[in-house]
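J.: whatever this is, show me its structure:
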Amino acid sequence: MKQYLGNNCTVEILPFEKSKQRLITDKLECRGLEDTEDAFFIGDLGDIIHKHKAWVSLLPRIQPFYAVKCNDSPAVLKTLAELGTSFDCASKAEIEKVLKLGVAPSRIIFANPCKQASFIRYARKTHVSMMTFDNEAELHKIKNLYPDAKLVLRVLPPSEFKVQCELGIKFGCHPKDCYHLLKVAKGLGLNVFGVSFHVGSGCEDARAFEAAISVSRKVFDQGLELGFKMTLLDIGGGFPGQQSAPISFREIAAVVKQALAEHFPEESRVRVIAEPGRYFVASAFTLAVNIIAKRVVAREAETSSPGQVASLGEPTKDQEPAYMYYVNDGVYGSFNCLLYDHAHVTASVLQDCEDEQPFTSSIWGPTCDGLDCILQKVLLPELNIGQWLYFEDMGAYTMCAASSFNGMPKPRCHYYAQTETWHTVFPAKPKKLERCICAIPQMKAGHECGDLDMSKLTYIPDDTCTKVDL
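T.: Residues are numbered from 1 along each chain as shown. Just a heads-up that it's a prediction; the model follows:
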């Protein structure tokens, strides 16, 4: 069964759970001849629903504002909107996408500290009033364009903690400069009502949140001292979205709850929000790619980097072969996450080849650029052109930043969810009869059912029908 979500997006509703290998195989079996080799995603919207349930369970006080930039797929946004999630938008286009879903402007934070003027005008026009800032020039811009905006000061958090992507080099006001910035806002008559921070995308140390919340408390108090009605704390993103992450969401949640209890207890009545992105979508998407070309090369045993492909020549009978596989997506497409998100990916073979001998291999994208390398060294059995590889945990910062460089097509996405999970968000609609029989004329003795004149039956509209158990 399939359900239409709008924007040419359908979701396959599965009555029972299937493995990712089975789902990919099923898609391959029903594809047409023209697109039989094209790379594609499968997206488990049920996984997103489960993530939301876990968030509410572990961090019930914190309202998630999903970071649209992480994956702006209409199916993802629609599912999260139906779950009641709010949204972190960084541009006019992202705000437009969310508003078109029927989301109220109050459920959007314009969380870009350095905004284009026309974007601010659009935010004012659409009543998206919450927005961040971290510098004096931005305050003057907002004063001129949206003086009634509800402002959130983005603070630079301590940077000694390991993260996947460091954001402090670009955004955030240093704590020592926050008081001055708040005074400028006060002098301009602007409404600062909260403090935000972002420890960095893909946080690997929960103590980063503890330290940032502590710093935010000090800035919060400075705002109160200057007469601002400070009521909001935004703890940003950085939450892990896959099981292979160095730290679990549960570990971070425990530290966050403890730090909030110390610095922003519930009795303070401060509203706490967050901006999770990869948390919701990373594990929900799997990418399947086709091997479109293959080279056999010599693997030299004695190299400075053991296992690396050292020669592009054919191996002699005394040399161990190595294989170069070319697939139909790469770093200019979905694997841009290797460059921009500092991601690590794992290749799996679709066919069962557990008992086959592994060889040193490398995996390359389809473009003409030598930079287009997905994995420089990986152990794989010998594979053939036309076979499929798949990569799990490919939902965050992948398809949203993909290009069609060299004319390479972007992969399509096929969405699915288990029936029971899906219907917790999108309840099944009972099928209605177009017409209901209200009365049947009596039949004379000796008449067969087939002799019944259907034109003499009396009908009433289905909305007035009542089911009767016989």
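J.: center of this protein, which residue is that?
T.: The residue lying closest to the centre of the chain (Cα atoms, centre = their mean) is Val281, at 3.3 Å.
J.: wait, Arg61 touches Ala274, no?
T.: No - with contact defined as Cβ atoms under 8 Å, Arg61 does not reach Ala274; the gap is 10.3 Å. C-beta coordinates here come from the backbone N, C-alpha and C atoms, glycine included.
J.: between the two, who's got more neighbours?
T.: Per other Cβ atoms under 10 Å, whichever of Arg61 and Ala274 has more neighbours is Ala274, with 26 against 14.
J.: how about the more buried one, what does it touch?
T.: With contact set as Cβ atoms under 8 Å, 6 or more residues apart in numbering, Ala274 has these partners: 59, 62-65, 234-237, 239.
J.: gap between the lengthiest helix in the chain and the chain center?
T.: If you go by DSSP state H, the chain has its longest helix at helix 207-225. Helix 207-225 has its C-alpha centroid displaced from the chain centroid by 28 Å (Cα atoms, centre = their mean, to the nearest Å).
J.: next structured bit after it?
T.: Of the helices and strands lying after helix 207-225 in sequence (DSSP states H and E), the nearest is strand 232-234.
J.: strands of the stretch 251-400 of the chain, residue ranges please.
T.: Secondary structure of the stretch 251-400 of the chain (DSSP state E, counting those that start in this stretch): strands located at 271-274, 285-299, 320-327, 347-349, 358-364, 373-381, 388-391.
J.: what pairs with the next helix-or-strand element following the last one, and is each one parallel or antiparallel?
T.: Counting by DSSP H and E, the element after strand 388-391 in chain order, helix or strand, is strand 412-418. In the sheet, strand 412-418 lines up against strand 9-14 (parallel), strand 40-44 (parallel) (DSSP bridges).
J.: alpha carbons of the last one, as PDB, please.
T.: Once side chains and other backbone atoms are set aside, the C-alpha atoms of strand 40-44 remain, and they are given as PDB (Å, rounded to 0.1, in the frame of the first residue of the first chain):
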ATOM      1  CA  PHE A  40      18.900   5.500  -5.400                       C
ATOM      2  CA  PHE A  41      18.100   6.100  -1.700                       C
ATOM      3  CA  ILE A  42      15.700   4.200   0.500                       C
ATOM      4  CA  GLY A  43      14.300   6.400   3.300                       C
ATOM      5  CA  ASP A  44      12.800   4.900   6.400                       C
END
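J.: between the two ends of stretch 98-112, what distance do you get?
T.: Terminal residues of stretch 98-112 lie 16 Å apart, using Cα to Cα, to the nearest Å.
J.: now it: buried residues?
T.: Residues of stretch 98-112 classed as buried: 98-99, 101, 103, 107-112 (neighbour count, 16 or more other Cβ atoms under 10 Å).
J.: any stretches of the stretch 101-250 of the chain with poor pLDDT?
T.: Confidence mapping of the stretch 101-250 of the chain against pLDDT under 70 gives the ranges 160-168, 202.
J.: how about the strands in it?
T.: 108-110, 130-133, 150-154, 163-165, 191-196, 201-203, 232-234.
J.: check which helices and strands the longest one is in contact with.
T.: Right, strand 191-196. If you count contacts as 3 or more Cβ pairs under 8 Å, 6 or more residues apart in numbering; DSSP states H and E, strand 191-196 packs onto strand 150-154, helix 175-187, helix 207-225, strand 232-234.
J.: now render those as a markdown table, adding mean neighbour count and distance to Leu139.
T.: Compiled in a markdown table, those are given as follows (neighbours: other Cβ atoms under 10 Å; distance: least, Cβ to Cβ, whole Å):
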| stretch | mean neighbour count | distance to Leu139 |
| --- | --- | --- |
| strand 150-154 | 24 | 8 |
| helix 175-187 | 16 | 6 |
| helix 207-225 | 19 | 14 |
| strand 232-234 | 24 | 17 |
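J.: let me have these in a markdown table, adding distance to Phe359 as columns.
T.: Putting the helices and strands packed on strand 191-196 into a markdown table (distance: least, Cβ to Cβ, whole Å) gives the following:
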| stretch | distance to Phe359 |
| --- | --- |
| strand 150-154 | 49 |
| helix 175-187 | 53 |
| helix 207-225 | 41 |
| strand 232-234 | 49 |
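J.: which residues does Ala417 contact?
T.: Going by Cβ under 8 Å, 6+ apart, the list of residues near Ala417 reads 11-14, 44-46, 49.
J.: switch to 6 Å and redo it
T.: 11, 45-46 (Cβ atoms under 6 Å, 6 or more residues apart in numbering).
J.: same check on Lys2?
T.: 10, 12.
J.: please apply the same query to Arg299.
T.: Applying Cβ under 6 Å, 6+ apart, the residues near Arg299 are 320, 322, 360.
J.: ok, now Val255?
T.: Neighbouring residues of Val255 by Cβ under 6 Å, 6+ apart: 206, 209-210.
J.: list the contacts of Phe405.
T.: 332, 367.
J.: work out for me the element Lys27 sits within.
T.: If you go by DSSP H and E, Lys27 is part of helix 20-29.
J.: now do that helix, average pLDDT.
T.: Averaged across helix 20-29, pLDDT comes to 93.
J.: tabulate the CA atom coordinates of it in CSV.
T.: This file holds the C-alpha atoms of helix 20-29, laid out as CSV (Å, rounded to 0.1, in the frame of the first residue of the first chain):
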residue,chain,number,x,y,z
LYS,A,20,17.6,-3.0,4.0
GLN,A,21,19.1,-5.6,1.7
ARG,A,22,15.6,-6.9,1.0
LEU,A,23,14.2,-3.5,0.4
ILE,A,24,16.9,-2.6,-2.1
THR,A,25,16.5,-5.9,-3.9
ASP,A,26,12.7,-5.4,-4.1
LYS,A,27,13.3,-2.0,-5.7
LEU,A,28,15.7,-3.4,-8.2
GLU,A,29,13.3,-6.1,-9.2
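J.: which residues does it contact?
T.: Residues from elsewhere that reach helix 20-29, judged by Cβ under 6 Å, 6+ apart: 42, 286, 288, 390, 414.
J.: ok, 7 Å please
T.: Contact with helix 20-29 is made by 40, 42, 286, 288, 350, 388, 390, 392, 414, 416, as judged by Cβ atoms under 7 Å, 6 or more residues apart in numbering.
J.: top of those residues by neighbour count?
T.: Ala288 (28 neighbours).
J.: quick check, pLDDT for that one.
T.: Predicted confidence (pLDDT) for Ala288: 98.
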